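1. model this:
(one chain, ligands or ions: 1)
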Amino acid sequence: MKFKEIIIVVCFLLKLTLITGQERPNIIFLFSDDQTINTVGAYGNKEIITPNLDKLANKGVMFTNHYNTTSICMASRVSVLTGLYEYRHGTNFGHGDLDRKLFDESYPVKLKKAGYYTGFVGKMGFNIKGQNFIQFDNDFDEFAGGPGQTSYETSKNKKLVKYANKYPHATRANGAWSKNFIKNATKTGKPFCLSVSFKAPHRPVSPDPIDLKKYESIKTFSKPINFGVENGEHLSKQSHTSRAANQYRYWITDYNKSIREYYALITGVDAAVGMILETLKEEGLDKNTIVIFTSDNGYNCGAHGFAGKVLPYEEGSKSPLIIYDPRLPKKHQGKVSNALTGNIDIAATIFDISGLPVSKNMDGKSLIPLLKKPTSKVREFLPLFNFWGVSEAHSMAVVTPELKYVYWNSGNNNMKSTEELFNLEKDPFEMKNIANEDVESLNKMKSYYSKELKLLENKLIKGNGYENFPTIFNPNISWEEKRDLVKSFSSKKKKKTAKN
Ligand SMILES: [Ca+2]
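-> You can find the predicted model right below:
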């Protein structure tokens, strides 16, 4: 063993001793579904009602450049659990279910093995290859997850039925289940790790009437400056083949109704978060419980005329991320970090909090250093992928806090391969493609893109339909050479939904 390696091992053992010598902190991971970044009051939205998340942001660190490296539920959820990019875990609609051996490396499984009391409630959003959903029961001390999309009606979620009378809407029932979990966990004397996986604000919408009522006074909601189809014409033709452009035109036809329901669902999540934070206080756990809040992907609420996620543009790929560590001195609280963070960082962060080693095999990095030093960074650039849906809408992008480069392949419908470059500092709404204007930035971003493309080629999981993407996403390979390699990825369930 080399001297450097000995030092690393000694440092790790020292850290573990320090953490276990004290009391290992509890961890609560709060996860909404399809929530775009500007839908928390603390992020500057003056219409949405999120008092508990605002408080959390005021006490913790609020991240402004948090991206979901694959902006779709199933893939993003597995990236969060495993710390791996989609092309490494292989889990997405039309690609495949998760391998058991990868799930065994996920944060809930490893923390349970390390002596944490673990719990999960809400939407799981994926399956493990060859397993029945009920087998998740064995992976947690308490499990109230549901298969598929779960239901907003509490009574339709098998594991939440006993909360249905008091909390008929599943979002608050998730909060009530979590309260009980925390109380049970306290009795065990173990540290706990609770994952709360809300269905909200995923469509089809069905907000709690309690929350909808809170928005009665707002008749007209503000729209972002890039709202509407007319503000999407400058974007690639390929992006317009995506589901985000073809479906869900409700945002355009009745924006006020759609945004009111969307916000009300998020306000419901906020209320459940409030229930959980209140319980921590009641149980005297609020000083030793780290709380993380984020979402599995962003959402285009009519931005550029799009709805939904999948696309690499800001609204679809960015979500809020708030981390609150009450153990830190007050001087570190209420900070904002513009560092580039991703869904792949959650597992590494949770391992770091618990004292477990962060495996070098993971793509994600611990964000804990940013809590004390929010102006620092954990990376220079981050890749964004879409391997799902129609082949023309597959894309690969790289982003920095200042710039975004997107490569769109040619398509079978007479589309030309397209490069997009946005200056996110000057143009956060991506209204101008400067790929032909700023050659220096373009070259810089293309060099980052090449590095990520090489990693994709070297590290992709075999057998889940990713093998052709290093060629498909290579801007230097002609369409003629790729044409036969492209394939759309869908699922029977999605096709059925689309017909309906
Ligand atoms: Ca989602």
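
2. quick check: the gap between the one residue in the stretch 251-400 of the chain that gets nearest to the ion and Thr349.
-> With Cβ to the ion as the measure, Asp296 is the residue of the stretch 251-400 of the chain nearest to the ion, at 4.1 Å. For every residue, glycine as well, the C-beta is placed using N, CA and C. From Asp296 over to Thr349 the distance is 16 Å, taken as Cβ to Cβ, to the nearest Å.

3. which residues does the residue nearest to the residue of the stretch 251-400 of the chain closest to the ion when sequence neighbours are not counted contact?
-> Spatially, and ignoring its direct neighbours in sequence, Asp296 is nearest to Ser76 (4.3 Å; Cβ to Cβ, 6 or more residues apart in numbering). For Ser76, the residues meeting the contact criterion (Cβ atoms under 8 Å, 6 or more residues apart in numbering) are 68-70, 86, 296-297, 343.

4. these in helices, which ones?
-> Taking DSSP state H as the definition of helices, those contribute Glu86.

5. reformat the contacts of Ser76 into a markdown table and put pLDDT, distance to Gly232 and neighbour count next to each item.
-> Supplementary listing: the contacts of Ser76 in a markdown table, determined by pLDDT from 0 to 100; distance: Cβ to Cβ, whole Å; neighbours: other Cβ atoms under 10 Å:
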| residue | pLDDT | distance to Gly232 | neighbour count |
| --- | --- | --- | --- |
| Asn68 | 97 | 21 | 26 |
| Thr69 | 98 | 23 | 26 |
| Thr70 | 96 | 22 | 33 |
| Glu86 | 98 | 25 | 27 |
| Asp296 | 97 | 24 | 29 |
| Asn297 | 96 | 19 | 28 |
| Asn343 | 98 | 25 | 32 |
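
6. so which residues of the stretch 101-250 of the chain form strands?
-> Listed from the start of the chain, the stretch 101-250 of the chain has strands (DSSP state E, counting those that start in this stretch) covering 117-123, 142-146, 192-197.

7. please name every helix or strand in contact with the second one.
-> Contact partners of strand 142-146 among helices and strands, from 3 or more Cβ pairs under 8 Å, 6 or more residues apart in numbering; DSSP states H and E: strand 117-123, helix 170-188.

8. closest to Gly355 out of the ones you listed?
-> Between Gly355 and the helices and strands packed on strand 142-146, the shortest separation by Cβ to Cβ is 15.3 Å, and it involves strand 117-123.

9. so what's Ile344 up against?
-> 69, 79-80, 83-85, 362-364.

10. excluding chain neighbours, what is closest to the residue in the chain positioned nearest to the ion?
-> Per Cβ to the ion, Cys73 is where the chain lies closest to the ion, at 3.5 Å. The shortest distance from Cys73 to any residue other than its chain neighbours is 5.0 Å, reached at Gly125 (Cβ to Cβ, 6+ apart).

11. got the residues of the protein near the ion?
-> Within the chain, the positions adjacent to the ion are 33-34, 73, 296-297 by Cβ under 5 Å from the ion.

12. count the neighbours of the residue lying closest to Pro428 once chain neighbours are set aside for me.
-> Of all residues beyond its chain neighbours, the one nearest Pro428 is Glu314 (6.7 Å), with distances taken as Cβ to Cβ, 6+ apart. Here the neighbour count serves as a burial measure; for Glu314 (other Cβ atoms under 10 Å) it reads 25.

13. roughly how far does Glu314 sit from Ile434?
-> 15 Å.

14. mind listing what the most centrally placed residue in the chain touches?
-> Nearest to the mean C-alpha position of the chain, by Cα atoms, centre = their mean, lies Asp296 at 2.7 Å. For Asp296, the contacting residues are 31-34, 68, 73, 76-77, 80, 125, 319, 343, taking Cβ under 8 Å, 6+ apart as the criterion.

15. how does it look with 6 Å?
-> Contacts for Asp296 were tallied using Cβ atoms under 6 Å, 6 or more residues apart in numbering; they are 33, 73, 76-77.

16. out of the residues you listed, who's the most crowded?
-> Each of the contacts of Asp296 was scored by neighbour count (other Cβ under 10 Å); the top score is that of Ser76, with 29 neighbours.

17. okay, and that residue sits in which element?
-> Per DSSP states H and E: Ser76 is located in helix 73-82.

18. so for the helix ranked longest in the chain, what gets flagged as buried?
-> In the chain, with assignment by DSSP H, the single longest helix is helix 255-282. When neighbours are counted by 16 or more other Cβ atoms under 10 Å, the buried residues of helix 255-282 are found to be 255, 258-277, 279-280.

19. so which of the contacts of Ser76 sit within strands?
-> The subset of the contacts of Ser76 located in strands under the criterion DSSP state E is empty.

20. with the contacts of Ser76 in mind, which one is nearest to Arg203?
-> Within those, distances to Arg203 taken as Cβ to Cβ reach their minimum at Asn297, with 12.6 Å.
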